[in-house]
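J.: Predicted model follows, preceded by the sequence.
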Number of protein chains: 2
Amino acid sequence: MVGKTIEEARIMETIPLVIAGFGNVGRAFYTMLEDKAQDLEKNYGLRFEVRLIAKSNGCHETRTGSLGLRNISRNGRPWLEGNPSWHPGLTIPEALRRMPEGGCLVECTPSDLKTGQPGYDDIRAAFESGWSAVTAEKGALVVGYRKLHEMAAARGLGFGLSGATAAALPTIDVARISIAGAKIESIQGILNGTSNYLLTRMSEGLDYAESLRDAQSKGIAEPDPSYDVNGWDTAAKILILANACLNTDYSMSDVLVKGIADIEPAFLQEKRLEGNSVKLMATASPRRRGPGWRLEVMPSVIDSSHPLFHVDGTEKGITFYTDSMGAITVTGGRSNPRGAAAALLKDLINICRGMHL
Amino acid sequence: MVGKTIEEARIMETIPLVIAGFGNVGRAFYTMLEDKAQDLEKNYGLRFEVRLIAKSNGCHETRTGSLGLRNISRNGRPWLEGNPSWHPGLTIPEALRRMPEGGCLVECTPSDLKTGQPGYDDIRAAFESGWSAVTAEKGALVVGYRKLHEMAAARGLGFGLSGATAAALPTIDVARISIAGAKIESIQGILNGTSNYLLTRMSEGLDYAESLRDAQSKGIAEPDPSYDVNGWDTAAKILILANACLNTDYSMSDVLVKGIADIEPAFLQEKRLEGNSVKLMATASPRRRGPGWRLEVMPSVIDSSHPLFHVDGTEKGITFYTDSMGAITVTGGRSNPRGAAAALLKDLINICRGMHL
C-alpha cells in the first residue's frame, strides 16, 4: 500500500512520445503539450519529448531531444525534401522497433472500423516495443480491444482509451476509479453530439434536411453524416465502453443499431409537448435471458426524471447505474479536437503516474 | 511507466482494517465489506480483515484474523463485559501503535468542525503507524487537511476523502484523475441534499416550516437542521474540495457563508415562473483582485443553461470549469450511509491499487 513519497514524485521524468497521425487531433495534442509544458513539469513532474510524428507517407523523426514544429515545417507547411528529420516511407511499427523502451504512443490516425488499421498495428507494435499507448481512434478498439488490453496488462504497460469514447467527457476512468467497488448494473449514454444536435433541432420544429444543413453550416455535422446519424459512431463507443468497463469481448455485430434518419420531426415535437424527449440512447444492460449483456443503440423516449433528459444540442452524457452508489451521471466536456487532445493528455499523465489498470 | 503485470496483480493481498466509529456509516461500511468480499477478491485481488472496531468507550480488537460481528455482539447487541475482544478505554491511537504497518484506518466518527477531534488524532496516528486512512468525516479535514495530506504524502501512504465530500457523488477523483492536465478555472456545486430539497419544495409552493416538516418526516432533514440550512455543511465541503483539488490551505473563516433559512418562498416561486431556479451554490473561483481563490456558499439564481439547473430534491452535483476540457458536471450518487460507505470502499480499493495521489 506504499506509493511514491513526495521526494520520489518530484524527480523529473522525461517521457519520449510518438504521435501517429497529424490531423486535427494530432495537431491539437501537439499544441496542448507545448502550451502546458510548464504546468506538466510543475504539477506532475513530467516532461515530454516528441521524438516522432507519423504521417501517411512517412515519419518525421529525431533521436536528439524533442521534435519541434520548426523541424517539420517552414512557414507552417510540411518541409519534406532535404529535411534531415524526414524519413519517407517509414512506418510506426518500424520506427518503434528502433526506440528504447519506456515511451508512449499517441494514436490519432483515423482508423477503419472493420479492419482497425492502421491503429491496431501501431498499438500492437508499441506494446511489443515496451511502450504504453493512448488512443483517440476507435477502429483498433472496436476490432481488438480485449487482445490489446491483455498485451498491455501482461507487460505492465498503460493503455488509455479516453480520447476514443467521447472526447473530453470522462467515461472509462469514472467506471474504473470513481465508482470502484460498486457493481455496474447498466450503462446508458448519449454519446454522439451530431445526432443529439439534430434531434434537438427537429424537436424545436425544423425538419431533418433543415436541421442537417444547420448542423453542417456550423461544422457540427460532416458533409456525409451517415456514420453519425445511422448510429454507428454511438455503437462503436458503447461497444468500447462495455468491453473496457464490463470486462466483455463483444464486437460490432453484437450491437443492435438503429439510427435517427427516419424519425419524423412531428413525433419529436409531440413527445416534447408531452414533456418527454427523444434521444439516440446507447445502452448496455444485462440480457433478459441467460448471462451476458445486451448492447443497443436506439432512439428512445425518456421523461424528465431520466438523468440524461437535459443533455441537449451537441452535449454528451453517460449514466452508470450501480448497486451501492446509485446512479452516477457525467455530462459535458468539449467534443472538438482540443477536447480529444485533452483526453489523450489526461490518459498520458495518469499512465505516467502509474494509475493505469 | 511500468505498472503491475496481470500476474503481480493477481497475488492476493490481505489488508488489515481499523474502523473508527460504529454508527450508521461504520455499520454500513462493515456490512458492505461482508457483502462484497467475494467480488473484492475476484475483481481486485483484495481481502480485508477488520482487526479493530472503535466506539467512544473502548475498542473491540482481535489479533487473530478478522473481527466478525459475532465477536462484538450477541443478538445484535454489543457484548462488552467478559468478551475477550473488548478493551474498555482503549483508543485508536493507542491501538494503532501496537499494530504492524500496512493497514488502513476507516474513519467514521462524527468529528467536531472546530477541533477536528477525534478524527484528526486518529488519522495522524494512522500515518505515524504506517497506515493509510480513508474518512467519511469532515472535521479533521476542515481543521487540518493540508497537514494530514503532507504527512501521508511524505510517507507514501494513501489518504482518501471521497466519503467526506458528498457521499457517493464522485468529486475529488474526478478532479485529480478524470480531468488531469486540465486547469480548473472554477468549481461550483450543490453539495447539501437537505437544503436543496427544501428549496425545491418551497419553489413548488410550500412555506419554509411546511417544507422542513416534510423533509423531517421523510428522514431527509435532521431534528435540528441548522447545520444544513445555514450553509455550514456546504461550506465545509467546498473548503475540503478547494484544499484538495486546488492545492490551497484555507480554513472555515475564509468561506463566505449565507444559508437559506430567510429566503421567501414567494421569491423562489417567482424565479421558477421566470424559468430560473434558486440553489444553495458553493463556489470556488479566482479572486477578482490578487492571487488566491474566493470561496463562498450563497443562494444563487441560475437559468436553465446552467449545468446544475436540473439538480433538484435531495440530489447533489458538481461542475468543474476547465481550460482544455470545458465544463464537466457530475450528478447523482446515493447520499445515505450506504453511499458514504461505498465512497470509503472506493477510496480503499484505489489506495490498495496504488492509485493514491
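T.: That came through fine. Since the structure is predicted, the reported quantities are computational estimates derived from the model, not experimental observations.
J.: Mind jotting down where the strands sit in the stretch 201-350 of chain A?
T.: If DSSP state E, counting those that start in this stretch is used as the criterion, the strands of the stretch 201-350 of chain A fall at A:255-257, A:277-286, A:293-302, A:317-322, A:327-332.
J.: what comes up buried for the second one?
T.: In terms of neighbour count (16 or more other C-beta atoms under 10 Å in any protein chain shown), strand A:277-286 has its buried residues at A:277-284. Quick note: C-beta positions are derived from backbone N, CA and C, even for glycine.
J.: Could you list the low-pLDDT ranges of chain A?
T.: In the predicted model of chain A, residues A:1-11, A:74-77, A:357 satisfy pLDDT under 70.
J.: Spell out which parts of the stretch 101-250 of chain A neighbour chain B.
T.: Counting by C-beta under 8 Å from any C-beta of the partner chain, the residues of the stretch 101-250 of chain A lying close to chain B are A:102-104, A:132, A:150, A:153-158, A:168-170, A:173-174, A:177-183.
J.: meant to ask about the stretch 251-357 of chain A
T.: Counting by C-beta under 8 Å from any C-beta, the stretch 251-357 of chain A sits next to chain B at A:307, A:309-310, A:319, A:322, A:324-334, A:338-339, A:341-343, A:345-346, A:348-357.
J.: any chance of the buried residues of strand A:277-286 in TSV, plus distance to B:G119?
T.: Formatted as TSV, those follow (distance: C-beta to C-beta, whole Å):
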residue	distance to B:G119
A:S277	44
A:V278	49
A:K279	44
A:L280	47
A:M281	43
A:A282	42
A:T283	42
A:A284	39
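J.: A strand includes A:L157, no?
T.: No - secondary structure of A:L157 (DSSP: H, G, I helix; E, B strand; the rest coil): coil, not part of a strand.
J.: what about it, distance to A:S129?
T.: 10 Å (C-beta to C-beta, to the nearest Å).
J.: Which one's more surrounded, these two?
T.: Neighbours were counted for A:L157 and for A:S129 using other C-beta atoms under 10 Å in any protein chain shown; A:L157 has more, 24 against 20.
J.: on that earlier part again, from the residues of the stretch 101-250 of chain A next to chain B, keep the buried residues only.
T.: In those, burial by neighbour count holds for A:102-104, A:132, A:153, A:155-158, A:168-170, A:173-174, A:177-182, counting by 16+ other C-beta under 10 Å.
J.: now, which of those residues lie within strands?
T.: A:104, A:132 (DSSP state E).
J.: ok, A:L295 to chain B distance?
T.: Distance, A:L295 to chain B, using C-beta to the nearest C-beta, to the nearest Å: 21 Å.
J.: Spit out the contact partners of that residue.
T.: By C-beta atoms under 8 Å, 6 or more residues apart in numbering or on different chains, A:L295 lies in contact with A:235, A:238-239, A:242, A:250, A:254-256, A:282-284.
J.: what about the residue lying closest to A:K114 once chain neighbours are set aside, which helix or strand?
T.: Of all residues not flanking A:K114 in the chain, A:V143 sits nearest, at 7.5 Å (C-beta to C-beta, 6 or more residues apart in numbering or on different chains). Assigned by DSSP states H and E, A:V143 belongs to helix A:139-155.
J.: For that helix, list every residue counted as buried.
T.: By 16+ other C-beta under 10 Å, the buried positions in helix A:139-155 come out as A:139-145, A:148-149, A:151-153, A:155.
J.: For B:R294, state which of those is nearest.
T.: Set against B:R294, the nearest of the buried residues of helix A:139-155 by C-beta to C-beta is A:L141 (42.3 Å).
J.: hang on, isn't the closest one packed against A:L148?
T.: Yes - using C-beta atoms under 8 Å, A:L141 is in contact with A:L148, at 7.5 Å.
J.: Give me the neighbour count for the closest residue to A:I72 other than its chain neighbours.
T.: In space, and not counting its chain neighbours, A:I72 is closest to A:H60: 4.4 Å by C-beta to C-beta, 6+ apart. Neighbourhood size, A:H60 [other C-beta under 10 Å]: 26.
J.: next one: A:S85
T.: Using other C-beta under 10 Å, A:S85 has 18 neighbouring residues.
J.: quick one, what contacts A:A37?
T.: Counting by C-beta under 8 Å, 6+ apart, A:A37 makes contact with A:47-48.
J.: how about 6 Å then?
T.: Counting by C-beta atoms under 6 Å, 6 or more residues apart in numbering or on different chains, A:A37 makes contact with nothing.
J.: Do me a favour and get the backbone dihedrals for it.
T.: A:A37 has phi and psi values of phi -50, psi -50 when expressed as degrees, to the nearest 10.
J.: measure it to B:G65 for me?
T.: Relative to B:G65, and taking C-beta to C-beta, A:A37 is found at 52 Å.
J.: go on, A:V18?
T.: A:V18 sits 50 Å away from B:G65, going by C-beta to C-beta.
J.: Compare those two (neighbour count), which wins?
T.: Legend: neighbour count by other C-beta under 10 Å for A:V18 and B:G65, higher for A:V18 (27 against 11).
J.: Go ahead and confirm the more buried one touches A:L52.
T.: Yes - counting by C-beta atoms under 6 Å, A:V18 does reach A:L52; the two are 4.4 Å apart.
J.: and the residue nearest to A:I72, that one's in a strand?
T.: Yes - judged by three-state DSSP, A:H60 forms part of a strand.
J.: Would you confirm that it contacts A:S85?
T.: Yes - under the criterion of C-beta under 6 Å, A:H60 makes contact with A:S85 at 4.7 Å.
J.: Which stretches in the stretch 101-250 of chain A count as helices?
T.: Using DSSP state H, counting those that start in this stretch, the helices of the stretch 101-250 of chain A run over A:119-128, A:139-155, A:162-166, A:172-173, A:193-203, A:208-217, A:226-229, A:232-245.
J.: and the third one, C-alpha only, in PDB?
T.: Looking back up the chat, that one is helix A:162-166. The C-alpha coordinates for helix A:162-166 follow below in PDB (Å, rounded to 0.1, in the frame of the first residue of the first chain):
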ATOM      1  CA  SER A 162     -10.500   8.100 -23.000                       C
ATOM      2  CA  GLY A 163     -10.000  10.100 -26.200                       C
ATOM      3  CA  ALA A 164     -11.800   7.400 -28.200                       C
ATOM      4  CA  THR A 165     -15.000   7.200 -26.300                       C
ATOM      5  CA  ALA A 166     -16.400  10.700 -26.000                       C
END
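J.: hmm, who's touching it?
T.: For helix A:162-166, the external contacting residues (C-beta under 6 Å, 6+ apart) are A:135-138, A:141, A:171-172, A:191, A:237, A:240-241, A:316, A:340, A:343-344, A:346-347.
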